[in-house]
Every structure is written in structure tokens, then in C-alpha cells.
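Enquirer: no sequence for this one, just the structure:
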């Protein structure tokens, strides 16, 4: 296998498995012919493959990955905030970074909450013809809801247990209480929940790695035409 062919095959993985199974050979031949004599596919072909692969995955895949990604970012933000990694010589996390982390956690937490129903509806519609697939999707979404409950409990527990101290910025009017992390107050649970969200994303990707029934019917009708 030449370096060009190996890199083209890697780019083709942007497409879902069912698409690659049916058309990967034809697409690979076209890519190799268009980039003959090159070690790398052209930037135009690479971008076309990536955008085409994302378009072929469908709305349900986008929503599912956004949902799981928002949950993972929320848990990762909580973990980083609890450890306060931007410290040096006992100096707390700068107010700007602390505010950015807090805002990121708020946005991703609300996004994961708001996307719950759309993700379930889109996936159920995509897998509606197969009872096993629809049932598995409902169970996967229920697991995501359980992770969201665990996220809320984790954040509340850390907020109750973590010590706080008064920090002032410039003037007494800009004083406020901030959390101060320590070895006994690091939110290690949040790190585990972040890994669980990433595993959930892999499971959802596997469930959606099949064509929608409408696509299957269109493909079968196309092949039936003499």
C-alpha cells in the first residue's frame, strides 16, 4: 500500500461505516487517479471528503455528539476548577480564568440539559423501523440522563464540601467568595463522569453507524433498476 493510498483510506473514515462499505472502493480509485504522483491528497479533496462524511452522518449523529461533548466538557471543567491547575506558589487561579471556566461549565451544562429531548427524538426517528435499535437508543439516552443527574450531584457536593475564602480584586467592592481546592476537595468523580460521557459518545456513534431506512430503500430501488 502506497503512502497516498494509506492517507486516502484514513480520510475516507470521515464517512460512516455503511457508506464506506458500499462506495469506499469507487471513491478510493477516484482519489488515487486525481492525485496520481502525489504523496498527499490535495487540500481540496481532503476538505471535500471531511465535509461529505459529516453530511452523510445525519442530524441525529450531530445532536448526539454535541450532547455527549457538552456533558464531557462540563465534567472536565468541574474537574479542572476543583484542582485549580493554574496556580503557582499558592496563588489562586486568576479571576479571568476562573470566570471563563465557570461560564464554560454553565453553558455546557445548560446545553446538555436542553439537548436531551431532541437527541432522543432524532435518534428514535432515525432507528424507528428496528425495534432493537430504537430500544437500544432509548436505553442509551436514559444512561445519558443518569450521567446528567450524577453531574448535578457532583457539582452540588463539591460546592458544599469545598472550602471558600474571600478574594478581592482592586477594591473592597470587587470582593467575593471563591472555592479553594485541596487534596481532599478535588472532584475526581467529575473526571470519571467525563470518561463516561466519552464512552457514551462512542456507543451512540456505533448505534448510528447504519443507514437510515429511507436511504436503504432508496439504495435498493436504485439497484433494482435495470
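Expert: All right, it came through fine. Remember, predicted model here, so these are calculated numbers, not experimental data.
Enquirer: ok, the residue nearest the centre of the chain - contacts?
Expert: Nearest to the mean C-alpha position of the chain, by Cα atoms, centre = their mean, lies residue 69 at 2.9 Å. Contacts for residue 69 (Cβ atoms under 8 Å, 6 or more residues apart in numbering) come out as 197, 201. The way it works is simple: take the backbone N, C-alpha and C, and place the C-beta from them, glycine included.
Enquirer: residues of the helix or strand where it lies that come out buried?
Expert: For residue 69, the host element (DSSP states H and E) is helix 59-83. Along helix 59-83, these residues count as buried under the neighbour rule (16 or more other Cβ atoms under 10 Å): 60-61, 63-83.
Enquirer: swap in stretch 197-204?
Expert: For stretch 197-204, by 16+ other Cβ under 10 Å, it's 197, 200-201, 203-204.
Enquirer: In what element of secondary structure is the closest residue in space to residue 81 that isn't next to it in sequence found?
Expert: Among residues not flanking residue 81 along the chain, residue 101 sits closest, at 4.9 Å (Cβ to Cβ, 6 or more residues apart in numbering). Following DSSP H and E, one finds residue 101 within helix 95-114.
Enquirer: Show the subsequent helix or strand relative to that helix.
Expert: helix 116-126.
Enquirer: what angle do the helix or strand just after that following helix and helix 59-83 make?
Expert: With elements assigned by DSSP H and E, the helix or strand that comes after helix 116-126 is helix 131-161. Orientation check (axes from the mean of the first three to the mean of the last three Cα atoms, to 10 degrees): helix 131-161 against helix 59-83 gives 20 degrees.
Enquirer: Give me the three-state assignment for residue 40.
Expert: coil (DSSP: H, G, I helix; E, B strand; the rest coil).
Enquirer: State the number of residues packed around the closest residue to it other than its chain neighbours.
Expert: Leaving aside its sequence neighbours, residue 40 sits nearest to residue 7 (Cβ to Cβ, 6+ apart; 6.1 Å). Neighbourhood size, residue 7 [other Cβ atoms under 10 Å]: 17.
Enquirer: which residues sit in contact with residue 68?
Expert: By Cβ under 8 Å, 6+ apart, the contact set of residue 68 is 144, 197-198, 200-201, 204.
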